[in-house]
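Novice: Below are the sequence and a predicted model; questions follow.
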Amino acid sequence: MFRPVAVRSQTLLAGAALVAAAATTVVRPAAAQIAPQEYADRRAALAADLPDGVTLALGAPEPEENYLSFNQSARFLYLTGIREPGAALVIVKRGRRVAPTLFVQPSDPSKEVWTGHRIGVAGAARLTGLPARPSGDLQKVLDSLLATGASLHVVANVSEEGSPPAAEQDLVRGFAERHRRVGVDATPTAIVDRLRGQKSAAELDLIRRAVAITVDAQREAIAAVKPGMNEFELQALIEYTFRRNGADRPSFSSIVGSGPNATTLHYNADDRFMQPGDMVVMDVGASYRGYAADVTRSVPVSGKFTADQRAIYQLVRDAQRAAESRAQIGSTKQELADTAAATIAAGLARLGLIESPTATYDCAEEGQRSCPQYRLYYMHGLGHGIGLDVHDPDQYDDERIAVGSAFTIEPGVYVRANLLEILPDTRRNRALAAKIGAAVARYANIGVRIEDDYIATAHGVEWVSRAPREADEIEATIAARASDALTRRDSTKVEWYRKTEGLGP
């Protein structure tokens, strides 16, 4: 059982040591859950910020193929705790009277032969304390409510690409066309996301558990790394450890990238055989009862960092440490990001990969004509919120770190072998390429990202993802693998894959 250590500092640093939650033991499934009253409070907070009318929140639909995994939409799960497909929530507000009703698929033993048990209408009412009706009643109930001229407010399941699912758009469009006097807006979506930005104590506990499971998986993977392994072997070990410790699933597609793949930010093919002298980036996270972790470690495949690998690795670690030193209640994300960026720029200049910490180059990035040179190697943001989604709304993103924040800090440096080829061909850039060409060739294909998870409580900001991360710690963990039976492997077990796919050892 994961038991957090009490935290006394108001900042991330207590002397020279990071405040942390202990996460060194294997986590077993626990009975952690969010109380029905908390869901009721969330719905009340949403209703309080809305005008009179009808609010509709749709859960995720049944997968088109019944053998695909179902994952509930985050906003609907936040408001209800219901994990079954095809559900909906309707909240009617008239003055001070707020009446929520849940719509769920009815229990049907003939269908449950294929789909498994459904809680049904009575079960949903017992679980949530809400009035419940069959999902087939949703359209007629909403038509009846909207016929009175009530406005329709929609909690939209907007994806990262910015659009709700087509079926959801069609449903809402149908209501709008049948009730032309009715205004339709998605105001509740932003309200729900704002509420999600401040995690409750129960949510932070679930995030801790997701992180602890992910840390166990990172420890297993770091200990197992060796030349000749395939990236998918590490992916399999990581995801096995997730499930063995009670996680629902990975919280996103696992990224295990070695050699040149370590310099691709969202690489997830995970099918290259790792070579001596490679670095491997493992960016992974477990989802535990719907809550996500996100932890990245970058490891030398041969077990020891080369001098050049260690130089890049230490630069990234120094940037993370600098950002951590600013991470405290009341700090802004920009303060942390600026501190990390300045550290990376100074380090890249020392290594000869850029001309100076403030140097720029000719670029065509989002309409800009001049960009900082350090962005050639560090092109992503410093971090993001975590919660029901791996990129979750958080106070850290838009305001200041506050009690209830949960977020990552993840600087990185990626030296792509073809970096000079992708520079726009200008006189200024040709001169830059001549100056840094030797350094780019020296550090080519070294990719390093170090990502950790943090939560903010009344005691301060805690580092909770305590997987090995100092260079010496990582080397020691790999060196100790021979004594750990869990990391032993049969070197011939992927021979069939080498032969059939024509891949090298």
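Specialist: Cool, the structure landed.
Novice: quick one: F232 from M274, how far?
Specialist: 11 Å (Cβ to Cβ, to the nearest Å). For the C-beta atoms, the positions are set from N, CA and C on the backbone; glycine is no exception.
Novice: and whichever strand or helix holds A340, what does it pack onto?
Specialist: Assigned by DSSP states H and E, A340 belongs to helix 333-350. Applying 3 or more Cβ pairs under 8 Å, 6 or more residues apart in numbering; DSSP states H and E, we find helix 333-350 packed against helix 307-326, strand 406-409, strand 412-414.
Novice: Return it as PDB; C-alpha atoms alone will do.
Specialist: C-alpha atoms of helix 333-350 as PDB (Å, rounded to 0.1, in the frame of the first residue of the first chain):
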ATOM      1  CA  LYS A 333       4.100  28.200 -15.000                       C
ATOM      2  CA  GLN A 334       6.000  30.900 -16.900                       C
ATOM      3  CA  GLU A 335       8.500  31.500 -14.100                       C
ATOM      4  CA  LEU A 336       9.400  27.800 -14.100                       C
ATOM      5  CA  ALA A 337       9.500  27.700 -17.900                       C
ATOM      6  CA  ASP A 338      11.800  30.700 -18.200                       C
ATOM      7  CA  THR A 339      14.200  29.300 -15.600                       C
ATOM      8  CA  ALA A 340      14.500  26.000 -17.400                       C
ATOM      9  CA  ALA A 341      14.900  27.600 -20.800                       C
ATOM     10  CA  ALA A 342      17.700  29.800 -19.600                       C
ATOM     11  CA  THR A 343      19.500  26.800 -18.100                       C
ATOM     12  CA  ILE A 344      19.200  24.900 -21.300                       C
ATOM     13  CA  ALA A 345      20.300  27.800 -23.500                       C
ATOM     14  CA  ALA A 346      23.400  28.400 -21.300                       C
ATOM     15  CA  GLY A 347      24.300  24.700 -21.400                       C
ATOM     16  CA  LEU A 348      23.900  24.300 -25.200                       C
ATOM     17  CA  ALA A 349      26.100  27.300 -25.700                       C
ATOM     18  CA  ARG A 350      28.800  25.700 -23.500                       C
END
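Novice: What's the mean pLDDT across it?
Specialist: Average pLDDT, helix 333-350: 97.
Novice: can you start the count at 34 instead of 1 from here on
Specialist: Right, with 34 as the first residue, what we last looked at is helix 366-383.
Novice: Indicate each strand paired with the next helix or strand after it and its parallel or antiparallel sense.
Specialist: As assigned by DSSP H and E, the chain's next helix or strand after helix 366-383 is strand 393-395. Strand 393-395 has the following strand partners under DSSP bridges: strand 403-405 (antiparallel).
Novice: Show me what the helix or strand just after the strand it pairs with is packed against.
Specialist: Proceeding N to C from strand 403-405, the next assigned helix or strand is helix 428-431, under DSSP H and E. Here helix 428-431 touches no other helix or strand, going by 3+ Cβ pairs under 8 Å, 6+ apart.
Novice: Show me what helix 428-431 is in contact with.
Specialist: G230, Q231, K366, G416, H417, G418, I434, A435, G437, S438, F440 (Cβ atoms under 8 Å, 6 or more residues apart in numbering).
Novice: I am finished for the moment; much appreciated.
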